[in-house]
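Enquirer: just need the structure, nothing else, for what follows:
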Amino acid sequence: MNTEIVEAISGILREKSLERDRLQTILEDVFKTALKKMYKLETGDPFQVVFNFDKGDIEIYVEKTIVEDGAVTIPELEIEISKARAAQKALAEKEGFDFDENDWEIGGSYIDFVDYRKFGRRLIQSTRQMLIQKIRGQEQENLFGEYEKRIGEIIIGEVRQIHPDGIRVAVDKAELYFPRSEQVRTEKYRRGDTVKAVILEVRRTNKDPDIIISRRDKLLVRRLFENEVPEIQDGIIEVHAISRDAGERTKIAVESSDKRIDPVGACVGMKGVRIQAIQRELNGEKIDVIAWTNDRELLIRRAMNPVTPVEILFDPQGIGAVAVIPDDQIALAIGRRHQNIVLASQIVGPNFVIRPIKQSAYYAEALPLTEVFGLSEGVVNRLTEHGITTAEAVLELYDNNPEQLQEYVKLDEDALKALIRDLVVYFDQPSREG
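Expert: Predicted structure coming up:
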């Protein structure tokens, strides 16, 4: 027995959590490759490799074809009939079973034992290395499969390494990657800190798979609510939409299938105990829980919290709306970095945009371009240079001479059409007559 190979396999068995059947397959593949190389054969199929897990040793057998005496051309795969009969007769005498030489005929099969101690030092080293690589590859595949099934699950790990582009987090025997793009900008970490995050993605690589975790993704908020609110776990309360500015504010819209259960109250909990537990996990992030409704106007009003719009108007295409806001609340409605209005738009639906406008500007005879939400300063300045200062004037010029308007704003055709759609929503509403 070659102790070097046996010890390598035994060490792998102690350290790795591979299934025995899978390890047996790997051993067969590796040793068949080595035997093929050693005997310069085209295939390793005639060989069978058995690793005795209890004794910790290897047995290799080869199926040889019985040929006439003197007709052997490939000694590793053929045996003369006289030698086959003699060897079997000796075994029968030793083991005490009957022997009939007629059982061994030319063209039949003879199972012979292979002493792999003849491998040689160089081949032993390459076999050992090949074995380690194969097992390492299987480990990586097992790790990928395990964590691919756990996507969306919350994990708790320890910060192991901090790099400029991300953090390595240890979870059990695995190392997970916490990229900077998935971190919350208000949170800082040091080595040894505990991180609670959601598994977002698993990517294959040439080495260990990249297991990406996130504290920024809104999936983390969903999982925290599922953990804290039994009614969500039981399917009584459904989470319809989540919008999030990680570290700052989250809006979540929920609906109850049981009229006796208030979805907002269930998510907040008695004296706010449930929502407070979630906020602690998110380091104090503000959370607005909204009762979902299919009435889009009512949903917008709820999503605009803490501001109540005076009026909601929808554009003809149904992809946007104007929220008329009291003058003294316009800043609150928009929010810092447009946070509140953007989050509200995401709650209402994908690709839906809510545009806030001051109450006084809405009821004015002319709407200044400076009051149009989302209109870039550059476009406003270029139009002002040509004496166009109101939204009505832009639409009038577009109706009469769109080419000239395009020259003024210096936008391509698609961008110009998008601009016009944004302005149309403010008009053709009966309430503007006031």
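Enquirer: so how far is Met304 from Asp414?
Expert: Distance from Asp414 to Met304, counting by Cβ to Cβ, to the nearest Å: 29 Å. Backbone N, C-alpha and C define where each C-beta goes, glycine included.
Enquirer: quick one, which of these two is more surrounded?
Expert: When Asp414 and Met304 are compared for neighbours, Met304 comes out ahead with 28 against 8, by other Cβ atoms under 10 Å.
Enquirer: how close does the more buried one sit to Lys417?
Expert: Distance, Met304 to Lys417, by Cβ to Cβ: 27 Å.
Enquirer: pLDDT below threshold where in the stretch 51-200 of the chain?
Expert: Applying pLDDT under 70 to the stretch 51-200 of the chain flags residues 52-56, 116-121, 123-124.
Enquirer: residue ranges for the helices of it, please.
Expert: Secondary structure of the stretch 51-200 of the chain (DSSP state H, counting those that start in this stretch): helices located at 81-95, 121-149.
Enquirer: TSV for those, including distance to Gly235 and mean neighbour count?
Expert: Converted to TSV, the helices of the stretch 51-200 of the chain look like this (distance: least, Cβ to Cβ, whole Å; neighbours: other Cβ atoms under 10 Å):
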stretch	distance to Gly235	mean neighbour count
helix 81-95	66	14
helix 121-149	22	15
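Enquirer: my guess is Ile330 meets Pro356, correct?
Expert: Yes - with contacts counted by Cβ atoms under 8 Å, Ile330 reaches Pro356, the gap being 6.2 Å.
Enquirer: looking at the two, which has the bigger crowd around it?
Expert: Each of Ile330 and Pro356 has its neighbours counted (other Cβ under 10 Å); Pro356 has more, 26 against 20.
Enquirer: doesn't Ala321 make contact with that one?
Expert: No - the criterion here is Cβ under 8 Å, and Pro356 misses it with Ala321 at 10.0 Å.
Enquirer: and Ile325, how far is that from Ile334?
Expert: As judged by Cβ to Cβ, Ile325 and Ile334 stand 8 Å apart.
Enquirer: same question for the helix or strand hosting Arg302, mean pLDDT?
Expert: Taking DSSP states H and E as the definition, Arg302 sits inside helix 296-303. Mean pLDDT, taken over the full extent of helix 296-303, equals 94.
Enquirer: give the other helices and strands that it contacts.
Expert: Counting contacts by 3 or more Cβ pairs under 8 Å, 6 or more residues apart in numbering; DSSP states H and E, helix 296-303 is packed against strand 249-256, strand 286-291, strand 311-314, strand 320-325, helix 339-348.
Enquirer: deepest in the core, which of the ones you listed is it.
Expert: Mean neighbour count (mean count of other Cβ atoms under 10 Å) peaks for strand 320-325 among the helices and strands packed on helix 296-303, with a mean of 23.
Enquirer: tell me the buried residues in the helix holding Arg302?
Expert: Neighbour counts using 16 or more other Cβ atoms under 10 Å place Arg296, Glu297, Leu299, Ile300, Arg301, Arg302, Ala303 of helix 296-303 among the buried residues.
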